[in-house]
Each structure stands twice: as structure tokens, then as C-alpha cells.
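>>> got a predicted model here, sequence first, then my questions.
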Protein chains: 2
Amino acid sequence: MNSSIQHNKCRIAVDAMGGDFAPLNNILGANNALKLNSSIEISLIGKEKDIIDSSKKGNIDLQKFSLINAEEVIEMSDIPTEAIKSKKKSSIIIGLNLIKDNKIDALISAGNTGAMFTASTLILGRISGVGRPTIGAPIPTKTGGICTLIDSGTSVDCRPNHLVEYAILGTIFVREMYGINNPAVGLLNVGEEDTKGNELTIAANKLLKKSGLNFVGNVEGRDILAGTIDIVICDGFVGNVILKFAESIADWLKTKIKSYMDGSFTNKIRTLIAKGIFKNLFSPFDYQRQGGVPLLGVNGISIIGHGKSSPLAVQNMIFNASEIYRKNLINKFKEAIINYGNK
Amino acid sequence: MNSSIQHNKCRIAVDAMGGDFAPLNNILGANNALKLNSSIEISLIGKEKDIIDSSKKGNIDLQKFSLINAEEVIEMSDIPTEAIKSKKKSSIIIGLNLIKDNKIDALISAGNTGAMFTASTLILGRISGVGRPTIGAPIPTKTGGICTLIDSGTSVDCRPNHLVEYAILGTIFVREMYGINNPAVGLLNVGEEDTKGNELTIAANKLLKKSGLNFVGNVEGRDILAGTIDIVICDGFVGNVILKFAESIADWLKTKIKSYMDGSFTNKIRTLIAKGIFKNLFSPFDYQRQGGVPLLGVNGISIIGHGKSSPLAVQNMIFNASEIYRKNLINKFKEAIINYGNK
């Protein structure tokens, strides 16, 4: 695979079978993406019959797409390590092999996250010098920006050097995709002093200080939403717990508001108004808009979306893939990792 | 020390110097507690002159209290391990030694948390069989209950058996103090399956299953607020990060609401109408009401409060201490730990 050759059009494969509303939402999203962006080509990978049936339902002309039949489907409930061995004819495996063979430039999937992660790592391979590929999660901060939390849950037993890799990959990603020139990297910890932390973070702090990145030191749980740090690095165990906790807050608030509404008539009116405000407030947490996250550290463009992806989410995943391709991000990751290794 | 002898009145020492608004708030809180509860005796420990000055300011009759002079003060900025060695005449050290000598039954302090924790562990000693004393944090759930998060930040490198100790101490605490007969204990993890997790949680899961507690298995970040689990067990690193993140949400929301309000005139009006609801929503997170948390696993009653404790918070810390004493909690902890050891 020679990822340095840039084609005129970015060739993106959409896993038509991935997600709770597949293939309809996937095809609708792909169709919209093609309408809005003329610099991409889209292949739909999945069960041909299902794709054709859905295209009729969505009134979509399939002529614009390449259709690649995949007889098998990796289900949400499948165990990733088993599924990627036993379902070689699934859309995910076929798509990743097409990237490997340089037939396409990117795969997007709203399917089984674990399977996408494991299969991408195995089939595309890791970028030389990367021990653990990772996924960053975009967290909306109080100042209206984004704090990227890495690792968001892929590696639960990290070593200090993995945290440094996350910081390097995250720095390139945030710089290129969000246009932040020298993003501030913080290490998630229990206190700001260098001596604070567990074995992992005390060792990682020392490595990060010598990394040449814009490392601002240890940060605490409260700094994630504060808007002062662009990238927060942590073990995937901590990242997973924080993310799932954060996602549950909207629900907590909704229930609390509802219980308040059960009061007087005035409360009812006030609650209805508050409800609208809250909906607006939590829209930055709306993963439909975000449109998936790329796997960082693998040798190719692989984007993972939410299982409940809407057509808009699928469309934005496709745009993300295209932008990562145009900006030649995989090669920039490679250079940054080599530079760090040469230090 | 013979903690099984119950005195007619519970003898509580208040660290008059601890907290950002000491000694005034501490004395006001102690004064209110005495008015409302006739089954306690209160000693005020601190700089005699400061206490007398504040009592005049607060118009409080000091006759009702025992006054114990402490020439030194452990400041918020002091390094705990150093302060407890160098400031033997501080209110915290004097108070804990009085518990050890069975002169008082409990100490409450809104001062330096680390110093209270370390000094309590050293001076009172650990309950036999407890490797790591701990602090649980009460989290308000969406169903209106409390989920106790243990460890909330005292031990950042836990071993599996420490997590089991937290579960045992937490079970007794929640049963006795919140009246929940057989509290449900969950192990904070990245997935519900027993095979999920890092080395620590995979090993702890096995031990918890054999513990005889009401262990419901692994739980995830989203379960903390869900109201389905009474006690969530985790490493102090994870607990600290979650708690500080949770505490920052109110601020995040406030800023978001403000920026919404800065929008159109209609937004302004809507926000003003809804404001009361937002205030009401976050009142369960109001630590002033909670009134401190007890140190679990030490051989005596030691309660740590927030540095910004109001008189109400101090009063509630005193009531908590009295209740723990009346319910003979320290002995119940001891029995539970012995029972587990005999399994």
C-alpha cells in the first residue's frame, strides 16, 4: 500500500450493513454526501439484495455508487475477535482489505466498534512505532470548543509509552482537523503536581515532558470541560468510564426536570421552557452531528460511527474520511512518530 | 481504646481551625448542633484566642463547650505527611489523640483532607484486616437516591483485595446510615461481562463474587447516576477523576446557560423563567447539605468536610458523627471484616 499517492477523488467505502438503521440510513447518508461533495467516490459494501431493497425505499439511484457484495454481516452482538476470523466475507473485512490493496482510500462503519477496531489494526496494520492504536472522543467544553479525550476506551491496561503515542497522534489530529496550531496536551491525573498519580501517570508525566509536545502537565477531572486544554490523555479504562458517565448526564438532567414538572402548574410552564433550553445546551453532545471518530495509529483511514447513526452522521463520517485523506493525515502521523523516535 | 462502651452523650470534638471560614462557621455550626441535639457534648479544638474572638463576632456563649487549646494549625496548603509530623500541637493531631485515649468519641474537621486522612490512619490505626482506609462519596442519582462511590480518591494504586474491603465497609455504611437493607454493590468497569476490564477489575470481580455481599457484577460509568446501584466500587484514581469531573458539570451548564441567555431577547426571558429550575436541579450536589464524609476502615470516628463548609455543613457533620456513634458503626465494620476473613 502506498498511502502517499493522492488520487483525484477520494475513494470511500461505506459499510452498508453497520448500525442499527442499516442499510437505509447508510445509503441515505452516502447519497447526501455525494450530492454535496464532488471530490469523492463511494462504494457501498453489503448484502446486495438488502442494499437494493433499501434504495427503493429511500428512492435512491444506485447508479452513482459502486456496489460491492458482502455475503456476511458482523452483528453488533458478535464477539469482535471471533467475528473477524469467522466472517471473512463481511462488509468490514472486505472494506479493510480493499484499503490494504489500495483499491479504496477509506472505510466508514457504524457497525460493531470492537470488530472495526480489531480488524483495522490487524488488516491495515499499525503505523511503525505505534504500540496501541487508539480512538479519541470529542468533548464539548464550556467555552464552546472541543477537548479530545484519548484513549476513550480501547486499551484498558496501558503502559507509559502508549500514553505518549496518544499525545503525539492527538496533537497531529487536533492540529490538522481543528486548526489549532500547537494544541495543549494534559495528562489526566489526581492532582497537578508532577509527583501526583499512580505508577502509570507518574512515569508518563516524565516521558511527556521530554516529548517536545505542548505538554502542560497533569490535569484533573474538572479540567476536561473547562476549555483550557485541547487534548486530555488517559488510560482507556478511565476514558471509557468518564465518557459513559458524561453521556448519562443528559438523561439524569431530563429525569430531574421531569420530576420538577410534576409540581405546580407554574412549574409545568417553567419546565417546558427549561426543556427547550436544555435541548439546545446538549446539542454539542449530539454524536449524530459529530459523525464518527477515526482510528488513530493504524496504517489507513478507518472511521467508526455510533450504532444509532442518522443519515447526517453517516454523511459527516464520509466528509471526515475525505478531509483526513486530503490532509494526508496518515503520513503526518507517521512522520510525527518517527520524529519522536529519533529524539 | 474500647469503642464498644457507649457513653450517655456522644463526645464530639470540632476542629475549630479547619476550613476556609474557620473558626466562625465551625463555632456557629457547633452552636446550632448543640441547640438541636441534646445527646451530644462538643469540644472546640483550636487557638483559644481565635475561638474567643469568633464567638464574640457570632454572639455565641462558649460556656456550653469544652475549649481545648491547640497552638498549631495544619493549613490547607501544608503537605499532609510533613504537617502531621511537624505540627503535633495542631487541632487535628490533638483531636485524634483524644479519640485514641478515649477522651472523646469523634472528630470532625473541614481542614486539610490529606492530613485528616493520613493522621487518622496513623493515630487511630486501621481496623484489623483493612489494608487501606477509604472515603466514599455520595452521588445523587436520577431516581432521587444516593450512589456511594468508593474509593473516592484516597488510594490511586489499589490491589483487588482493597476493592473488596471497600465493598464490605460500604455495605455496612449504606445499610446502617441510609437504611438500605442489602445494598447492591457494583464494580466500576468498561463492560458488564465478567471477562471485561483491566487486571485489577478482572481479579476483583472474582473476589467480590465470593464475598457474600449483594454483588451485582460489573457496572459502567453510566450506571453511577442511574439509581440502580447503591454502591459503586473503584480504584481511587478513577474515583477522583469521576468526582472532579462530576463537580465541574454544574459550572459547565451555568456557562452554557449564560451564553444562551446572551442570545436573543426571547432567550433572555426564557432563561430567567427557567433559572429557578436549574438552581433546584443542582441542589442535591450541594455538599454543604451533605455535611462531610466519614473515613471508613480506621479505628474510630473521623469525619472530613469540605473546605468551604457552611455552619449548616458543620452542624450536619456533627450529627453524622453522633449517628455513627449511636449505631456503633466502628464495631459493625470490625465484625464484617472478621466475618469476611473467616469465609
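That came in fine, so what should we check first? None of these values were measured; they are calculated from a predicted model. Residues are numbered from 1 along each chain as shown, chains lettered A, B, ... in the order given.

>>> what's around A:I229, how many residues?
Look at A:I229: counted by other CB atoms under 10 Å in any protein chain shown, it has 24 neighbours. No exception for glycine: its C-beta is placed from N, CA and C like everyone else's.

>>> which element follows the least confident helix or strand in chain A by mean pLDDT toward the C-terminus?
For chain A, using mean pLDDT, DSSP states H and E, the weakest element among its helices and strands is helix A:287-290, scoring a mean of 57. Using DSSP states H and E, the next helix or strand after helix A:287-290 towards the C-terminus is strand A:293-296.

>>> adjacent strands (with direction) for that next one?
Using DSSP bridges, strand A:293-296 pairs in its sheet with strand A:134-135 (antiparallel), strand A:301-304 (antiparallel).

>>> what would those look like in CSV with mean neighbour count and mean pLDDT?
Shown next, in CSV, are these (neighbours: other CB atoms under 10 Å in any protein chain shown; pLDDT from 0 to 100):
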stretch, mean neighbour count, mean pLDDT
strand A:134-135, 26, 96
strand A:301-304, 26, 96
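
>>> roughly how far does the residue minimising distance to the centre of chain A sit from A:I108?
For chain A, A:V293 is the residue whose C-alpha lies nearest the centre (CA atoms, centre = their mean; 1.5 Å). Applying CB to CB, to the nearest Å, the value for A:V293 to A:I108 is 11 Å.

>>> what residues sit buried inside stretch A:162-179?
By 16 or more other CB atoms under 10 Å in any protein chain shown, the buried positions in stretch A:162-179 come out as A:162-177.

>>> where along the stretch 151-300 of chain A do the strands fall?
A:185-188, A:215-219, A:231-233, A:293-296 (DSSP state E, counting those that start in this stretch).

>>> is it possible to get TSV of the ones you listed that adds mean pLDDT and distance to B:K196?
Formatted as TSV, those follow (pLDDT from 0 to 100; distance: least, CB to CB, whole Å):
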stretch	mean pLDDT	distance to B:K196
strand A:185-188	98	21
strand A:215-219	97	27
strand A:231-233	98	22
strand A:293-296	94	20
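
>>> out of those strands, which gets nearest to A:D15?
Comparison of the strands of the stretch 151-300 of chain A against A:D15 by CB to CB identifies strand A:293-296 as nearest, at 13.6 Å.

>>> got the contact list for the closest one?
By CB atoms under 8 Å, 6 or more residues apart in numbering or on different chains, the residues outside strand A:293-296 that reach it are A:116-117, A:120-121, A:133-138, A:150, A:152, A:166, A:169-170, A:173, A:301-304, A:320-321, A:324, A:329, A:333.

>>> shared neighbours of A:V293 and A:I108, anything?
A:I303.

>>> tell me the residues of the stretch 51-200 of chain A that contact chain B?
Counting by CB under 8 Å from any CB of the partner chain, the residues of the stretch 51-200 of chain A close to chain B are A:T141, A:K142, A:T143, A:G144, A:G153, A:V156, A:D157, A:L188, A:V190, A:G197, A:N198, A:E199.

>>> OK, contacts around A:T81?
A:T118.

>>> let's see that with 10 Å instead.
Contacts for A:T81 (CB atoms under 10 Å, 6 or more residues apart in numbering or on different chains) come out as A:G114, A:A115, A:T118, A:A119, A:L122.

>>> can you tell me which of those lies nearest to chain B?
A:G114 (9.8 Å; CB to the nearest CB).

>>> model confidence at the closest one, what's the number?
Listed pLDDT for A:G114 reads 91.

>>> how about it: what's its closest non-neighbour residue?
What sits nearest to A:G114 in space, not counting adjacent residues and going by CB to CB, 6 or more residues apart in numbering or on different chains, is A:P80, at 3.5 Å.

>>> pretty sure the one you found contacts A:I93?
No: applying CB atoms under 10 Å, one finds A:P80 not in contact with A:I93, separated by 11.6 Å.

>>> so which of these two has more stuff around it?
Set A:P80 next to A:I93 and count neighbours by other CB under 10 Å: A:I93 wins out with 22 against 17.

>>> can you list the domains in chain A?
Domain ranges of chain A: A:10-130+A:297-327, A:134-241, A:249-281, per automatic domain parsing.

>>> for these, which one sits closest to B:E41?
domain A:134-241 (37.3 Å).

>>> end to end, how far does the closest one reach?
16 Å (CA to CA, to the nearest Å).

>>> how far off centre is that domain?
Offset of domain A:134-241 from its chain centre (CA atoms, centre = their mean, to the nearest Å): 16 Å.

>>> likewise stretch A:76-87?
20 Å.

>>> for the stretch 1-150 of chain A, what spans make up the helices?
A:24-36, A:48-57, A:80-86, A:91-100, A:113-124 (DSSP state H, counting those that start in this stretch).

>>> switch these over to TSV; also include distance to B:K258.
Shown next, in TSV, are the helices of the stretch 1-150 of chain A (distance: least, CB to CB, whole Å):
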stretch	distance to B:K258
helix A:24-36	34
helix A:48-57	45
helix A:80-86	43
helix A:91-100	44
helix A:113-124	36
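
>>> how about the lengthiest helix in chain A: buried residues?
As assigned by DSSP state H, the longest helix anywhere in chain A is helix A:236-261. Within helix A:236-261, the residues scored as buried using 16+ other CB under 10 Å are A:236-246, A:248-249, A:252-253, A:255-257, A:260-261.

>>> is that helix anywhere near chain B?
Yes: remark: helix A:236-261 sits within contact range of chain B at A:236-249, A:251-261, by CB under 10 Å from any CB of the partner chain.
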